[in-house]
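*Asks:* Make a model of this:
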Amino acid sequence: MFVEKLNKKQEGFYVIEEEKTIQDGKWEGYLEHDNVSHESIVIYTGPNFTGTKVDNFFISTPSETPWKTYLKVFSESEKIYITYESQGDQVEAEDINQVQNTLADTIKNLNNYKAATDASINNLEIRTTNLEETKASKTYMDTELNKVYKKEEVFTKDEVLQRIQDIIGAAPEALDTLEEIALALNEDPDFAATVTNLLAQKVDKVPGKGLSTEDFTTAEKQKLADIEEGANKYTHPSTHPASMIVETSEKRFVSDAERAAWDDAYQQKHSHSNKAVLDTIDQGAINTWNNKAEPQDIPTKVSQLENDEGYVTEEDLSGLGQGDMLKSVYDKDNDGVVDKAKTVTGPVTWNQLKGEL
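*Replies:* Numbering: from 1, shown residues only. Model prediction:
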């Protein structure tokens, strides 16, 4: 099949996708167009970059025709789709030969069509002669003539070529063959109905508004409509109710009853002041303390102390026999009290007791 050539571009490039059939796990051959950017070659198992990406392929360039690209692709899928960029095709002698072959095939087909048309016309002429010869009836003639195409119903060779040219001439370069049109329509026999259904699903353009993937759904718009005016303007309150705070063992509130109990306990408390005790200390005692004796002046023997209180001394007891007092003599009733002491009223000094004895 003759592949339409692409004109060379000074700027920009063509984007081409070729469908290839995998046999025995691989496909290899030349890409249909020349001057391919090898970095742009991408292969998928589905059209338009769908399916699974195929990375297992090799690229080579023939030394005699460096503008061509040879691929060897390995895949387990039935088909692969090769997409690449090209600046246009290189015109070769082989291309001219293919054009000549295509033209020769076209002329051959037209000649065959002409031969068939001539045979049909010749057949009509023979049948007309036979009718004249047999002098067929008018009814038979009318019946047979109704089977023959009228002149205005039959196209000549030039008319056929012109009709073809009319179809191709109005089409863009990428859609000037029936095959290209079929591919553009994705071989959909009901393409018009498919496009109509897709258009029925579109979102109408509203003046002053744009469409994006972030448009709100009906449910989201209803939710926003229920929000009061200025609801997003939150102001933190200066006070909070105590009920919103959770108490712990370390942090608790004091009730009015507890506060009253503590206040009552505070009112009834008593305090001790060292000042009152200090006030009772005689100033002379303070002076005495300030004039305390030095260690070397402290007496070390009992005989060195003064008997200010008139305690009984060994000397006082020396005239009494030093231990000859008998309980049976001084405490005859055995009640633990000296009998003579019971007869004296008030405090008894040692001298009084001694005189009684």
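*Asks:* Could I get the full set of helices for this protein?
*Replies:* Remark: helices assigned in the chain by DSSP state H are 93-134, 138-146, 157-169, 178-184, 191-200, 218-225, 256-267, 274-279, 283-290, 314-317, 327-330, 350-356.
*Asks:* What is the burial count for S75?
*Replies:* 20 (other Cβ atoms under 10 Å). Yep, even glycine has a C-beta here, placed from its N, CA and C like the rest.
*Asks:* again with K340
*Replies:* Neighbours of K340 under the rule other Cβ under 10 Å: 15.
*Asks:* Over to E18?
*Replies:* The burial count for E18: 16, using other Cβ under 10 Å.
*Asks:* With S37 as the reference, measure out to it.
*Replies:* Distance of E18 to S37, given as Cβ to Cβ, to the nearest Å: 15 Å.
*Asks:* now S328
*Replies:* 147 Å.
*Asks:* more crowded one of the two?
*Replies:* A count of neighbours by other Cβ under 10 Å puts S37 above the other of S328 and S37, at 12 against 7.
*Asks:* tell me the contacts of the more buried one?
*Replies:* F13, Y84, E85, S86, Q87 (Cβ atoms under 8 Å, 6 or more residues apart in numbering).
*Asks:* switch to 7 Å and redo it
*Replies:* Contact analysis of S37 by Cβ atoms under 7 Å, 6 or more residues apart in numbering lists Y84, E85.
*Asks:* what's the answer for G29, then?
*Replies:* Per Cβ under 7 Å, 6+ apart, neighbours of G29: L71.
*Asks:* Could you rerun that using 8 Å?
*Replies:* K20, Y70, L71.
*Asks:* which residues does the first one bridge with?
*Replies:* Applying DSSP bridges to K20 yields these beta-bridge partners: I80.
*Asks:* how close does S328 get to E11?
*Replies:* Counting by Cβ to Cβ, the gap from S328 to E11 is 153 Å.
*Asks:* let me fix that: T61
*Replies:* From T61 over to E11 the distance is 24 Å, taken as Cβ to Cβ.
*Asks:* which one of those two has more residues nearby?
*Replies:* Neighbour totals were compared for T61 and E11, and T61 leads with 12 against 5 (other Cβ under 10 Å).
*Asks:* In contact with that one, which residues?
*Replies:* Counting by Cβ under 8 Å, 6+ apart, T61 makes contact with K68, T69, Y70.
*Asks:* and with 10 Å instead?
*Replies:* V36, H38, W67, K68, T69, Y70 (Cβ atoms under 10 Å, 6 or more residues apart in numbering).
*Asks:* Among those, name the buried ones.
*Replies:* Buried by 16 or more other Cβ atoms under 10 Å: V36, W67, K68, T69, out of the contacts of T61.
*Asks:* tell me the contacts of the first one?
*Replies:* Taking Cβ under 10 Å, 6+ apart, we find V36 in contact with 13-14, 16, 30, 59, 61, 67-69, 71, 82, 84-87.
*Asks:* for the second one, same thing?
*Replies:* Neighbouring residues of W67 by Cβ under 10 Å, 6+ apart: H33, D34, N35, V36, T61, S86, Q87, G88, D89, Q90, E92.
*Asks:* quick one: pLDDT of the third one?
*Replies:* When you say that, I think you mean N35. N35 is assigned a predicted lDDT (pLDDT) of 90.
*Asks:* how close does it sit to L161?
*Replies:* 34 Å.
*Asks:* Any chance of the backbone angles for V337?
*Replies:* phi -120, psi 140 (degrees, to the nearest 10).
*Asks:* quick one: which of the buried ones among the contacts of T61 is nearest N101?
*Replies:* K68 (19.6 Å; Cβ to Cβ).
*Asks:* quick revisit: out of the contacts of V36, which are buried?
*Replies:* Neighbour-count burial (16+ other Cβ under 10 Å) applied to the contacts of V36 gives F13, Y14, I16, W67, K68, T69, L71, I82, Y84, E85, S86, Q87.
*Asks:* State the distance from the third one to I43.
*Replies:* This points to I16. For I16, the distance to I43 - Cβ to Cβ - is 13 Å.
*Asks:* and for these two, which residues touch both?
*Replies:* Shared contacts of I16 and I43, defined by Cβ under 10 Å, 6+ apart, are found at I82, T83, Y84.
*Asks:* Many thanks, I have nothing further to ask.
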